[in-house]
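J.: got a sequence here, can you build the structure:
(one chain, ligands or ions: 2)
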Amino acid sequence: MLKEFKFNLNQALSLIKIREGKLKMSSETIPKLPIIDFNNLNLEAKSPNWESVKSQVYKALEEYGCFEAILDKVPLDLRKTIFSSLEELFDLPLQTKQLNVSKKLHHGYLSQYPMLPLYESIGIDDANIFENVESLTNILWPDGNQSFSKTVHTFSEELLELDQIIRKMILESLGVEKYLEEHMNSTSYLLRFMKYKGPQTSDTKVGLKAHTDKNTVTILYQNQVEGLEVMNKDGKWISYKPSLDSFVVLVGESLHAWSNGRLHSPLHRVMMSGNEARYSIALGSIPKEECIIKAPDELVDDEHPLLFKPYVYDEFLKYFFSEKGQRDQFAMRTYCGV
Ligand SMILES: O=C(O)CCC(=O)C(=O)O
Ligand SMILES: [Fe+2]
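T.: Ligands and ions are numbered 1, 2, ... in the order given. Below is the predicted model:
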């Protein structure tokens, strides 16, 4: 009896060891995005931990072009209600959603792409300006929808503050903070809502194909349905595990060019499986149409020769969305590479 017990105990212990080993091995081998704690930081008063967060941000963006920002400053009820607003929005009839048109390429309502059957998206230019949100709301809900406008506007303001903190940290890290005002004034903001239908199968299907963002910085927030993947410099896809406290920050190619290649702009994609829909929100800082993207002279030297000729953002986008540009994996290098 005693012998049997001993045997079972030993067996159990070795099983636990194997389990632990596996867990350890898996957490060591599965690459993760860097995680940076942004709590207690604000733009106005420099917080004591500003320098430490700044250096984490710079390192992460150099190496991954991406990180997970932990931020509980955005009120929890807002972080939850934003998803009810998204569901309400995407539940509108197709014809209503199609009323959201934009003069700008890919800023309006997008859906029914044959190659991306799970994807649909709606954009609002400068959603930090309340009137912009309100005018879209009034188009979609002619009887008004105050709670939608308020939620979306407040949420955009929170994301915008995070964008500005991150860009200030980047310019300080690069030693070019004298350009901060000019740099901030050179961009506007686009808020986009995305819905990816669950493909109703356990097989993995493409929600959004691999791409780099063309804008300056993108901040993403999403519901609990996984799907976002970011490629690291070793060519491995890193899956992002969503949480209510976490926001994903990505460097776009404009910032890659402006930093003369110091910051990486990563490939990312959305892969879907199962039945549940994934809702996500993206705030992108975007170079204004006429803006010329040119790396500051301070960032060009013998060790860092100029990588891209100065270019007009909108002209590059025209090339990128052309038939040739869409087939060109290195569109920016083709368009303005030195
Ligand atoms: O839905 C997401 O999380 C990613 C969206 C994205 O990468 C994009 O819109 O550029
Ligand atoms: Fe993207």
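J.: going forward, measure contacts between C-alpha atoms and count neighbours the same way
T.: OK.
J.: sheet partners, orientation included, of the helix or strand hosting Tyr221?
T.: Following DSSP states H and E, the helix or strand that holds Tyr221 is strand 217-222. With DSSP bridges as the test, strand 217-222 is paired with strand 246-251 (antiparallel), strand 278-287 (antiparallel).
J.: give the buried residues for the helix or strand that it is followed by.
T.: Next helix or strand after strand 217-222 toward the C-terminus (DSSP H and E): strand 228-231. Residues of strand 228-231 classed as buried: Leu228, Glu229, Val230, Met231 (neighbour count, 16 or more other Cα atoms under 10 Å).
J.: now tabulate those residues in TSV and tack on pLDDT and distance to Glu253.
T.: Compiled in TSV, these are given as follows (pLDDT from 0 to 100; distance: Cα to Cα, whole Å):
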residue	pLDDT	distance to Glu253
Leu228	98	19
Glu229	98	18
Val230	98	15
Met231	97	15
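J.: CA atoms only: put the strand holding Tyr221 into CSV for me.
T.: Output of strand 217-222 as CSV, limited to C-alpha atoms (Å, rounded to 0.1, in the frame of the first residue of the first chain):
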residue,chain,number,x,y,z
VAL,A,217,1.7,55.6,-36.1
THR,A,218,-1.3,53.2,-35.7
ILE,A,219,-2.8,52.4,-32.3
LEU,A,220,-5.1,49.4,-32.2
TYR,A,221,-7.7,48.3,-29.6
GLN,A,222,-9.9,45.2,-30.0
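J.: how about the residues of the stretch 201-338 of the chain by ligand 1?
T.: Asp213, Leu220, Leu228, Ser280 (Cα under 6 Å from any ligand atom).
J.: which residues touch the third one?
T.: The one in question is Leu228. Applying Cα atoms under 8 Å, 6 or more residues apart in numbering, one finds that Leu228 lies in contact with Ser239, Tyr240, His268, Arg269, Val270, Met271.
J.: grab the nearest non-local neighbour of the first one.
T.: Right, Ser239. Closest residue to Ser239 apart from its sequence neighbours, by Cα to Cα, 6 or more residues apart in numbering: Glu229 at 4.5 Å.
J.: I'd like the average pLDDT over stretch 260-270.
T.: Averaging pLDDT along stretch 260-270 gives 98.
J.: I'd like the strands paired with strand 217-222 laid out as JSON lines, including mean neighbour count.
T.: Below are the strands paired with strand 217-222 laid out as JSON lines (neighbours: other Cα atoms under 10 Å):
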{"stretch": "strand 246-251", "mean neighbour count": "24"}
{"stretch": "strand 278-287", "mean neighbour count": "24"}
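J.: can you redo those strands as JSON lines with mean pLDDT?
T.: Listed next are the strands paired with strand 217-222 as JSON lines, based on pLDDT from 0 to 100:
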{"stretch": "strand 246-251", "mean pLDDT": "97"}
{"stretch": "strand 278-287", "mean pLDDT": "97"}
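J.: TSV for the ones you listed, including distance to Glu161?
T.: Formatted as TSV, the strands paired with strand 217-222 follow (distance: least, Cα to Cα, whole Å):
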stretch	distance to Glu161
strand 246-251	13
strand 278-287	11
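J.: which one of these lies nearest to Tyr313?
T.: Closest approach to Tyr313 among these (Cα to Cα): strand 278-287, 6.4 Å.
J.: how far does that closest one sit from the chain's center?
T.: Put simply, strand 278-287 sits 6 Å off its chain's centre (Cα atoms, centre = their mean, to the nearest Å).
J.: so what strands line up beside whichever helix or strand comes after that strand?
T.: Using DSSP H and E, the helix or strand that follows strand 278-287 in sequence is strand 292-293. According to DSSP bridges, strand 292-293 has the following sheet partners: strand 311-312 (antiparallel).
J.: close to ligand 1: what parts of the stretch 1-150 of the chain are there?
T.: Proximity of the stretch 1-150 of the chain to ligand 1 (Cα under 6 Å from any ligand atom) involves no residue at all.
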